[in-house]
Structure formats: C-alpha cells, structure tokens
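Everything below, folded, please.
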Amino acid sequence: MARTIAEIGNDMKANFMANAQLRNIYRFSDIDVFDNIFSIVSLERIMIYIVATAIWTLENLFDAFSSDITTKIDNAIVTSIPWYYSSALAFQYGDDLVFNNSSYKFGYAVVDLTKQIVKYAAIREVTDEGVTKLKIYYSGTNKLALTTEQKTAFEAYIRRIGAAGTHYLFVSQNPDLLGLTLSIYYDPLILDSTGTKITDGTKPVDLAIAAYLNGIKYGGVFYSSALVDALQATEGVKDVELTSSYWDGTAAERRKIDAASGAFSLDATNTTITYSLD
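Numbering: from 1, shown residues only. Next comes the predicted model:
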C-alpha cells in the first residue's frame, strides 16, 4: 500500500537529520528538528516535497499495476473460483465452444456481448452429502431466473469448460421473497403517519428497504441488523423495531438469512410497516 506524501516526507527529513555529513555541514545539534530549522520556502524543504511527491506517484502506480496483474492472474487460473465467476458471465447463449489447441481451453470463436445472458453470478464451495461441490448461483437481468432452455445450455457450458470430475450444484431462481414486520417511530416534521415524506410525497422507508435488499451482494446474506442500521439512517426515522421476517413460508425472528436463490426482493403481501410517534 502506497505511503502518503507526508509519510514519505517525514522519512526523508529523518534521514536528512541523521546523515553524518549533513549534520557536519549544517552543524545540527542532537535536539534539532527539520521543520524547526528549515522554513516552508527553504530549498531543502521544497526539494524534499518534490521528491516525496514523485515517490508517492510511483508507489501508487506500482500498487495499481500489482492489483491489475493479481486480478488477471486470478481470473486466468483455470478452475479457480474467480475463473468460474468470469467464465459464467462470459457464457454466450446459442454459440458453440471451440477448443484451442495452443491453450488447451474451450472458448468462443467470436465474443458477442449481446449473447451474454448471465448478468449475475456467485460461486461457492460447499459440502453436500459428504461430497465437496461447486455451487454456482446465476441469473439474468434483474436477478431473475433463466429459462429452462437457457439453464440447460449454461450448465452444459460449465461442464464443458470446467475441470473434469467436478461436482456442481446449479441455482438459477427468482429472488427469494422476504416479508418484514416493522415498527417505525417517525419524525412528524418530516413524515406523515403513513410514512410519506411531507415535502415530496416519497416513501423513504420503502425506498431504503428496496435499496438495502438490492444492494446485498449476489449470493450474499440478509442481516436484520444491517437493515435496521439502514433504516435508522433514513430521513424522518427516529427509531426502528424489526419484529419478524417472513421467508420460506414462515414468519420468525431471524438474525440472518441465506438466500436460496442468491438474492432477495420484498414480499409486499407479507410486509407490515407500522408508523408511530414516540
């Protein structure tokens, strides 16, 4: 990680003051401090700033280069999880694969972005019935499930390009429906009793819930505390109680939920939001 200009400059100043030849030339004492001796317009201070800035720029370039190379290496290692992820997104519906005799890999003769129907993917290693398997969540636009024909083609594609003998679990489903029972204590200067913002007619709590659910990383987890935190930060909301969540056919008080589909959407039918004053 690149140092700041100030950190680099301080190291250079310390080395400057510790140099025996410079101490003799400038006649430094043991208690002298660089910033107390040289003014901000002194040649020494200006030169150190210029050199520190150049070093800072170089270190940032090295960091960016290293990160880029690491990402490319991770994505290039066949059958690594990053490789499966990028390969899932690269699937082209309707195109056949071509074997490359030089790289010993399958690929497409022509890359066609319009045929890449997988928009979201997540890869997990799981143990199922004592067998380690690769669980692949995948979906199309708006995190919706692919059609039966598209699923068949995608799964055949993964088996063709993946490591021989790998056990897969494929998941392509519409987002899990999640109902919520919430008590919102609101500020009457901002919201009315229905949760509507007085100035513009929007529903800040509804918008915050949708933003939180949509912002959960695909293949990720719903945390009740994180939703409450998001609502607490919503304009017009003074306090929040999440009483229960309705998921997978049951209502319960849950701390976390792993989405069966890899994503969530609000179940309006099983959601109750009550607005109250303190």
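
helices or strands up against the lowest-mean-pLDDT helix or strand in the chain?
Across the helices and strands of the chain, mean confidence by mean pLDDT, DSSP states H and E is lowest for helix 43-76: a mean of 78. Contacts defined by 3 or more Cβ pairs under 8 Å, 6 or more residues apart in numbering; DSSP states H and E place helix 43-76 against helix 5-18, helix 81-89. Every residue, glycine included, has its C-beta placed from N, CA and C.

which one of those helices has the most crowded surroundings?
Mean neighbour counts were compared across those using mean count of other Cβ atoms under 10 Å; the top stretch is helix 81-89, at a mean of 18.

For that helix, enumerate the helices and strands it packs against.
Contact analysis of helix 81-89 by 3+ Cβ pairs under 8 Å, 6+ apart lists helix 43-76, strand 120-128, strand 131-139, helix 148-161 as its packing neighbours.

ok, now which ones touch the closest residue to Leu231 other than its chain neighbours?
Once its chain neighbours are removed from consideration, Leu231 has its nearest residue in Val240; the separation is 4.5 Å (Cβ to Cβ, 6 or more residues apart in numbering). The contact partners of Val240, by Cβ atoms under 8 Å, 6 or more residues apart in numbering, come to Leu182, Ser183, Ile184, Tyr185, Val228, Leu231, Gln232.

From the residues you listed, keep the buried residues only.
Of all the contacts of Val240 considered here, the ones buried according to neighbour count by 16 or more other Cβ atoms under 10 Å are Leu182, Ile184, Val228, Leu231.

Columns distance to Lys143 and secondary structure on top of these, output as TSV?
Shown next, in TSV, are the buried ones among the contacts of Val240 (distance: Cβ to Cβ, whole Å; DSSP: H, G, I helix; E, B strand; the rest coil):
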residue	distance to Lys143	secondary structure
Leu182	23	strand
Ile184	27	strand
Val228	23	helix
Leu231	22	helix
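
And those, which two are furthest apart?
Ile184 and Val228 (10.7 Å; Cβ to Cβ).

which non-adjacent residue is nearest Asn174?
In space, Asn174 comes closest to Ala145 once its chain neighbours are excluded; the distance is 5.1 Å by Cβ to Cβ, 6+ apart.

tell me the SS of the residue nearest the centre of the chain?
Nearest residue to the geometric centre of the chain (Cα atoms, centre = their mean): Lys217, 6.3 Å. Under the three-state scheme (DSSP: H, G, I helix; E, B strand; the rest coil), the conformation of Lys217 reads as coil.

got a list of what it touches?
The neighbours of Lys217, taking Cβ under 8 Å, 6+ apart as the test, are Ala122.

For Leu134, see how far away it is.
Using Cβ to Cβ, to the nearest Å, one obtains 18 Å as the distance from Lys217 to Leu134.

Could you check the pLDDT of Glu129?
Each residue has a pLDDT score; the one for Glu129 is 82.

returning to what we had before: isn't the residue nearest to Asn174 right next to Phe170, touching?
No: counting by Cβ atoms under 8 Å, Ala145 stays clear of Phe170, with 11.0 Å between them.
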